[in-house]
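In: give me a model of this one.
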Amino acid sequence: MEMLELQTSLESQQRRKLLLAGGAMLATSAWSQPSTWNPARPIKLVVTYPPGGGADVSARAITDRLGQKLGQPVVIDNRAGAGGVVGTEVVYHSQPDGYTLLWGNADILAIAPHLYAKLPYKPQDFVAISPVCGIGFVLAGRQGLEAKGFEELLALARSRELTSASWGNGSPGHVGTEMFKTLGKVSKMLTVPYQGTAPAAQALLAGQVDLMFMPMPLWQSMQSRIVTYAVAAKARYPRMPTVATMAEFGVPADLEVWQGLFAPPQTPRPVIERIHRATAEVIGDTVVRKKLEDLGALPLSGSQEEFASLISKDITRWGEIMRAAQVQPQN
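Out: So this is what the prediction gives:
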């Protein structure tokens with residue numbers, strides 16, 4: 001299986017090549033199990049945010065083709081709440097039979113362990129199936145905000161309290177706002193939580209909040225209706241080369257995250273291998289890759305072992321980011 005790699009748009013930075021930096025999430029099953037598995041009924045893919053958000057649209061980009069590869073429909077089940085914790089818990093306690101999967105991301109598996117003293121699931125118990133895509137973030141503002149560029153925005157934020165939309169505590173939107181405050185020497189900024197990235201983006205469009213760290217899939221569709229200030233990454237994106245990074249202005253926020261498929265603990269190995277093969281074929285499809293790229297997502301590929309063994313490093317990375325942003329754990 002090919003080594004885990006990102007699109008060339010991330011290859012200018014070594015850490016980007018290892019975006020899927022994480023741990024040991026490749027659980028094995030003690031079940032007696034058949035040597036092969038083919039689904040006999042539709043498969044439910046739980047997305048832990050509302051319809052229309054970055055996670056939802058990137059998941060929907062692969063479900064039709066994945067269903068064709070598996071011979072059964074893959075149906076999205078949006079289970080929003082508590083920054084993704086609600087839907088993640090649903091999958092964690094589901095039957096490990098391959099018919100309920102998790103659209104996992106850094107929010108719920110790498111960031112949440114640093115935010116909550118006690119989670120209703122153990123991230124390391126999920127079975128990593130396959131990476132699918134990487135997501136970048138753009139710091140965007142509402143139309144009409146006085147600041148026209150990033151330096152003006154910093155000056156404005158230091159002069160009065162601005163508001164910033166997030167999709168829950170510990171989300172990249174929340175952590176990005178805290179990093180902007182800490183690294184930008186901004187004393188006050190009010191974070192306004194929403195149930196998902198889509199509602200947060202709608203609030204920005206409506207002028208109800210001043211700022212948002214917007215996932216690139218949403219930014220792609222809304223860029224003409226917002227003010228784009230900078231990308232929260234270590235290097236500029238080739239797809240938007242004129243947009244500077246926050247680091248270029250002395251505020252080194254780096255919020256790139258991954259998304260991929262996970263199964264409940266103790267899911268049999270043949271089930272995981274069958275879904276992994278199908279997902280790898282889907283991500284290798286030029287039509288699907290273009291669809292993800294057009295959304296602003298970055299197609300990812302890699303073996304189960306690579307995906308699993310890299311996630312713990314990402315947990316460590318997000319711990320460092322949250323400490324630097326002075327995000328405090330919650331009870």
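In: would you state the helices of the stretch 1-150 of the chain in chain order?
Out: For the stretch 1-150 of the chain, helices defined by DSSP state H, counting those that start in this stretch occupy the ranges 14-17, 54-70, 85-92, 106, 112-115, 150-159.
In: switch those helices over to CSV; also include mean pLDDT, mean neighbour count and distance to Gly141.
Out: For every residue, glycine as well, the C-beta is placed using N, CA and C. Formatted as CSV, these follow (pLDDT from 0 to 100; neighbours: other C-beta atoms under 10 Å; distance: least, C-beta to C-beta, whole Å):
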stretch, mean pLDDT, mean neighbour count, distance to Gly141
helix 14-17, 42, 14, 26
helix 54-70, 95, 22, 18
helix 85-92, 96, 22, 29
helix 106, 89, 28, 24
helix 112-115, 88, 21, 26
helix 150-159, 98, 16, 7
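In: now for the ones you listed, which one comes closest to Lys291?
Out: Closest to Lys291 of these is helix 54-70 (C-beta to C-beta; 4.8 Å).
In: alpha carbons only: can I get the closest one in CSV?
Out: Written as CSV, here are the backbone C-alpha positions of helix 54-70 (Å, rounded to 0.1, in the frame of the first residue of the first chain):
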residue,chain,number,x,y,z
GLY,A,54,-17.5,21.2,5.8
ALA,A,55,-17.6,17.7,7.2
ASP,A,56,-21.0,17.0,5.7
VAL,A,57,-20.2,18.1,2.2
SER,A,58,-16.8,16.3,2.0
ALA,A,59,-18.5,13.1,3.3
ARG,A,60,-21.2,13.3,0.7
ALA,A,61,-18.5,13.7,-2.0
ILE,A,62,-17.6,10.0,-1.6
THR,A,63,-20.7,8.2,-0.4
ASP,A,64,-22.3,7.5,-3.8
ARG,A,65,-19.1,5.9,-5.3
LEU,A,66,-18.3,4.1,-2.0
GLY,A,67,-21.8,2.6,-2.0
GLN,A,68,-21.2,1.4,-5.6
LYS,A,69,-17.9,-0.2,-4.6
LEU,A,70,-19.4,-2.0,-1.6
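In: next, the angle helix 85-92 makes with that helix.
Out: Angle, helix 54-70 to helix 85-92, by axes from the mean of the first three to the mean of the last three C-alpha atoms, to 10 degrees: 20 degrees.
In: sheet partners, orientation included, of the lengthiest strand in the chain?
Out: Assignment by DSSP state E gives strand 127-135 as the longest strand of the chain. Sheet pairing for strand 127-135, assigned by DSSP bridges, gives strand 257-263 (antiparallel), strand 297-299 (antiparallel).
In: turn the helices of the stretch 1-150 of the chain into CSV, including distance to Pro270.
Out: Output for these, formatted as CSV (distance: least, C-beta to C-beta, whole Å):
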stretch, distance to Pro270
helix 14-17, 31
helix 54-70, 13
helix 85-92, 19
helix 106, 28
helix 112-115, 29
helix 150-159, 51
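In: those helices: which one's closest to Lys122?
Out: Nearest to Lys122, of all the helices of the stretch 1-150 of the chain, is helix 85-92, at 7.8 Å by C-beta to C-beta.
In: what is that closest one packed up against?
Out: Contacts defined by 3 or more C-beta pairs under 8 Å, 6 or more residues apart in numbering; DSSP states H and E place helix 85-92 against strand 43-47, strand 100-105.
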